[in-house]
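Undergrad: pasted the sequence and its predicted model underneath.
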Amino acid sequence: MLRDWRNLMLLSQTNYNTFLIHSKMFSYHCILVLVGIILNHCWGSTVPPQFLSTNTLPSVEYEGLYDLYNSTNGPHWTWKQPYTTYGYPWKFVIPSENPCSTTNPWQGLTCSTSCLSKPCYILSIDLSNVTLVGSLPNSIGGFSSLTYLKLPNNYLTSTIPNSIGNLTALTHLDLSTNKLNGYLPSSMQHVIKLQELNLHFNNFTGGIPNWMGSFPDLVTLNLESNELRGTIPPSLGLLKKLGFSIG
């Protein structure tokens, strides 16, 4: 009889401890949800990325998306519809969304994987004609595997950041029909895999730099309708695949 009573007491204590564990987990979850609600209310749809889980997408790439969104008036971008065809609007909220999700992928992005079980990377960013207004952030150079960067037909201003030279995997760069200005950054010469460089209809100044001959695979070069001056550098004549328009 005494043994049965002790067993009953042990069982009760075990159930009580289990209840405490689940209660703490529930309370912790409630606190996270409450923090998310408060942050979303304070920052709207743009929550600082340090509060977010990025799944297996590198934090530098998630923050690059966040910076691009905020520096170009992201809340007022013009999204293509239907979303089921073109992808869904970007949202920096808590709980965080997965930009590379197979069910709700973010519009304009192509990823190496769905970012659920193994590391993934952004392969392309195509935000053509979505009303980007502002300047490119320095963090645009943080996408180590990016091959396509296409932002034409928008309202981008200021200069191309020097960090563009960090995009060493880039093959296609299209910043045409914007309001970009200044000199072409010399760091671009490090993007040696370029096959397409389209910068027409901007306000770039200075001369066509000699390092334009640094792209052995370049097929398309369009610099027309800028404020570029001077002669065509001889280095362009060494690019056997090139067809270009300077204007």
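TA: Yes, it's here. Numbers count the residues shown, from 1 in each chain.
Undergrad: what about the strands in this structure?
TA: With DSSP state E as the criterion, the chain has strands at 109-111, 122-126, 133-134, 148-150, 155-156, 172-174, 181-182, 196-198, 203-207, 220-222, 227-229, 243-245.
Undergrad: now those in TSV, please, with extra columns for mean pLDDT.
TA: Below are the strands of the chain laid out as TSV (pLDDT from 0 to 100):
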stretch	mean pLDDT
strand 109-111	97
strand 122-126	98
strand 133-134	98
strand 148-150	98
strand 155-156	98
strand 172-174	98
strand 181-182	98
strand 196-198	97
strand 203-207	97
strand 220-222	96
strand 227-229	95
strand 243-245	66
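Undergrad: could I get those strands as JSON lines with mean neighbour count?
TA: All C-beta atoms are positioned from the backbone trio N, CA, C, and that covers glycine. As requested, these are exported to JSON lines (neighbours: other CB atoms under 10 Å):
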{"stretch": "strand 109-111", "mean neighbour count": "18"}
{"stretch": "strand 122-126", "mean neighbour count": "20"}
{"stretch": "strand 133-134", "mean neighbour count": "16"}
{"stretch": "strand 148-150", "mean neighbour count": "19"}
{"stretch": "strand 155-156", "mean neighbour count": "17"}
{"stretch": "strand 172-174", "mean neighbour count": "21"}
{"stretch": "strand 181-182", "mean neighbour count": "14"}
{"stretch": "strand 196-198", "mean neighbour count": "20"}
{"stretch": "strand 203-207", "mean neighbour count": "15"}
{"stretch": "strand 220-222", "mean neighbour count": "19"}
{"stretch": "strand 227-229", "mean neighbour count": "13"}
{"stretch": "strand 243-245", "mean neighbour count": "13"}
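Undergrad: could the ones you listed go into TSV alongside distance to E97?
TA: Output for the strands of the chain, formatted as TSV (distance: least, CB to CB, whole Å):
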stretch	distance to E97
strand 109-111	12
strand 122-126	14
strand 133-134	22
strand 148-150	22
strand 155-156	25
strand 172-174	27
strand 181-182	34
strand 196-198	31
strand 203-207	36
strand 220-222	35
strand 227-229	41
strand 243-245	40
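Undergrad: of the ones you listed, which is nearest S163?
TA: In terms of CB to CB, the element of those nearest to S163 is strand 148-150, at 12.0 Å.
Undergrad: the closest one - contacts with which helices or strands?
TA: In terms of contacts (3 or more CB pairs under 8 Å, 6 or more residues apart in numbering; DSSP states H and E), strand 148-150 is packed against strand 122-126, strand 172-174.
Undergrad: and the ones you listed as TSV, adding distance to G134?
TA: Shown next, in TSV, are the helices and strands packed on strand 148-150 (distance: least, CB to CB, whole Å):
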stretch	distance to G134
strand 122-126	15
strand 172-174	18
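Undergrad: re earlier: between the strands of the chain, which one is closest to S59.
TA: Each of the strands of the chain has some distance to S59 by CB to CB; the shortest is strand 122-126, at 12.5 Å.
Undergrad: what lines up beside the closest one in the sheet?
TA: Sheet pairing here is set by DSSP bridges, and for strand 122-126 it gives strand 109-111 (antiparallel), strand 148-150 (parallel).
Undergrad: show me the chain divided up by domain.
TA: Domain assignment for the chain by automatic domain parsing gives 1-43, 53-245.
Undergrad: looking at these, which is buried most?
TA: Highest mean neighbour count among the domains of the chain (mean count of other CB atoms under 10 Å): domain 53-245, with a mean of 17.
Undergrad: Y66 against F92, yeah?
TA: Yes. Using CB atoms under 8 Å, Y66 is in contact with F92, at 5.6 Å.
Undergrad: just the pLDDT at C120, thanks.
TA: C120 carries a pLDDT value of 91.
Undergrad: excluding its backbone neighbours, what's nearest the residue nearest the centre of the chain?
TA: By CA atoms, centre = their mean, the chain has its centre lying nearest to L65, at 3.2 Å. Nearest residue to L65, sequence neighbours excluded (CB to CB, 6 or more residues apart in numbering): P99, at 6.4 Å.
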